[in-house]
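J.: Got a predicted model here, sequence first, then my questions.
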Amino acid sequence: MKTKKNQRWVFNQDIEGEKAGDGVVRKVLAYCDGMMCVENHFEQGAIGKMHNHPHTQITYVASGAFEFTIGDEVKTVKAGDTLLKQDGVMHGCVCLEKGILVDIFTPMREDFVS
């Protein structure tokens, strides 16, 4: 099942993941016009290619370990860490240890649901 905008209750087990790259599966969770929550499952070695977008994004590392680049900084993050990626800033990652990233976007990512 795909999540609908303004859906009040979103049960993870009911959401179908979609391929977002080699070794990456994305689940769009709850969202409205102003905000969106997305869960990303990474296999070890998978790459979140460098990109930017006109959304502010906070990433919470739910599990695993990742080497992240934000702007010109590179750091290794693990479960419990958070990252702030403001709109327009280049960012990407490499998964060092299989894991899950939870992203919060503001405003929502229309490209993830269209």
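T.: Thanks, I have it.
J.: does the most centrally placed residue in the chain sit in a helix, a strand or a coil?
T.: By C-alpha atoms, centre = their mean, the mean C-alpha position of the chain lies nearest to Asp103, the distance being 3.9 Å. For Asp103, the assignment made with DSSP: H, G, I helix; E, B strand; the rest coil gives strand.
J.: Run through the bridge partners of His91.
T.: His91 has these beta-bridge partners by DSSP bridges: His51, Ile70.
J.: Tell me, how many residues neighbour Ile70?
T.: 18 (other C-beta atoms under 10 Å). For glycine as for every other residue, the C-beta is placed from the backbone atoms N, C-alpha and C.
J.: thought it was touching Cys93?
T.: No: contact criterion C-beta atoms under 8 Å: Ile70 and Cys93 do not qualify, at 9.3 Å.
J.: and stretch 102-114, how far from the chain's centre?
T.: 9 Å (C-alpha atoms, centre = their mean, to the nearest Å).
J.: try stretch 55-68
T.: Taking mean C-alpha positions (C-alpha atoms, centre = their mean), stretch 55-68 and its chain are 7 Å apart.
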